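Undergrad: Provided below for reference: sequence and predicted model.
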Amino acid sequence: MKSPPRVAVIRLQGVISTGSRPGGGAALNDVSLAPIVEKAFRKGKPAAVALVINSPGGSPVQSSLIAARIRRLADDKRVPVHAFVEDVAASGGYWLACAADDIWVDDSSVIGSIGVISAGFGFSELISRHGIERRVHTAGKSKSLLDPFQPEKPEDVARLRAILEPIHEAFKTHVSARRGTRLARDRDLFTGDVWVGNSAVEVGIADGVAQMVPKLKALYGDKVRLMPYGVKRSFFQRFGARLIDDAIDVAEERALWARYGL
């Protein structure tokens, strides 16, 4: 008897970064996801691969590497890829969504943020008030960029923009290549703005409002089998054996989610 179609389901949840997540969980990066993505495309001849995305973004390089791996395997195996957005697919999270052939959102999903951001703090006046002298010595005039303990310099800001602009262009190129004529031509979609639910469909950065299970049943039949794949956590990570969290990492991850009300 012919077996029912199988759809591999890869959960992509969290901030995209090279390091571990606060609390000891595995971060979303190409190294941690490579074996999972490879297995999802190769095991059992899946009829399709579904990406369940809930990410506020993070590293543009890791976003690019993960998305490129998904596309290579999709093209090599001739397997369609569907993305389903939960709470948010913004910035790098949307970069991942664009690796799919179509993108489906919830009515309340936040999606987009096609831009690049660099944020920091300035403490020059604070240390000055406390009589602290900052001493920096470099070999190479460009070695100290945007030192938070020195006043911001126009030339440093210009250098930072020279770094951010090529990354933004790469993001725009990826989105344009993947979404093509589905993108609205009368709107600038690359300002870093976000859209919610149906508004994302109207501007072409998503294809429709749908939830994963009913949509996959509509595409592959009621007997479709969903095969979940995800990053496994160790015994110590599952039971909270990590005693000391990196407070800065925790704050940065929370700040990323907080930008979208989460």
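TA: Structure's in. What do you need?

Undergrad: From here on, just use CA atoms for contacts and neighbour counts.
TA: OK.

Undergrad: just the helices in this structure please.
TA: 30-42, 60-77, 92-97, 124-129, 154-179, 198-202, 212-220, 235-238, 247-258 (DSSP state H).

Undergrad: Could you report the neighbour count for the residue lying closest to L216 once chain neighbours are set aside?
TA: Excluding the flanking residues, the one nearest L216 by C-alpha to C-alpha, 6 or more residues apart in numbering is V224, at 7.5 Å. A count of nearby residues for V224, using other C-alpha atoms under 10 Å, gives 18.

Undergrad: Lowest average pLDDT across the helices of the chain?
TA: Confidence, taken as mean pLDDT, is least for helix 235-238 of the helices of the chain (a mean of 44).

Undergrad: what number of residues lie near P35?
TA: 12.

Undergrad: Any figure for the gap between it and D76?
TA: 16 Å (C-alpha to C-alpha, to the nearest Å).

Undergrad: try L96
TA: 18 Å.

Undergrad: Isn't V110 up against G197?
TA: Yes - with contact defined as C-alpha atoms under 8 Å, V110 reaches G197; the gap is 6.8 Å.

Undergrad: more neighbours, those two?
TA: The residue with more neighbours, out of V110 and G197, is V110; 25 against 20, by other C-alpha under 10 Å.

Undergrad: Can you give me every residue that contacts the more buried one?
TA: D87, V88, A89, A90, V194, W195, V196, G197, Y260 (C-alpha atoms under 8 Å, 6 or more residues apart in numbering).

Undergrad: can you pull the contacts of R6?
TA: G44, K45, P46, A47, A48, V224, R225, L226, M227.

Undergrad: count of residues packed around the third one?
TA: Residues within reach of P46, counting by other C-alpha under 10 Å, total 20.

Undergrad: And the fifth one, by the same measure?
TA: Applying the criterion other C-alpha under 10 Å, we find 23 residues in the vicinity of A48.

Undergrad: what pairs with it across the strands?
TA: V7 (DSSP bridges).

Undergrad: ok so, going back, tell me which of the contacts of R6 is nearest to G204?
TA: A48 (22.4 Å; C-alpha to C-alpha).

Undergrad: So the closest one sits against K77, correct?
TA: No - with contact defined as C-alpha under 8 Å, A48 does not count as touching K77 (9.9 Å).

Undergrad: So for L96 and D76, which sits in the more crowded spot?
TA: For L96 and D76, the more surrounded residue by other C-alpha under 10 Å is L96, and the numbers stand at 27 against 10.

Undergrad: Now do the closest residue to that one other than its chain neighbours: how many residues are near it, please.
TA: Nearest residue to L96 in three dimensions, chain neighbours excluded: A67, at 5.3 Å (C-alpha to C-alpha, 6+ apart). Around A67 there are 20 other residues, counting by other C-alpha under 10 Å.

Undergrad: any idea how far A67 is from Y220?
TA: For A67 relative to Y220 (C-alpha to C-alpha), the value is 24 Å.

Undergrad: And for F41?
TA: To Y220, F41 is 17 Å away according to C-alpha to C-alpha.

Undergrad: between these two, who's got more neighbours?
TA: F41 (24 against 17).

Undergrad: Centre of the chain to the longest strand along the chain, how far?
TA: Determined from DSSP state E, the single longest strand within the chain is strand 81-90. Remark: strand 81-90 is offset 10 Å from the chain centroid, using C-alpha atoms, centre = their mean, to the nearest Å.

Undergrad: And it, what does it pack against?
TA: Applying 3 or more C-alpha pairs under 8 Å, 6 or more residues apart in numbering; DSSP states H and E, we find strand 81-90 packed against strand 48-55, helix 92-97, strand 102-105, strand 110-112.
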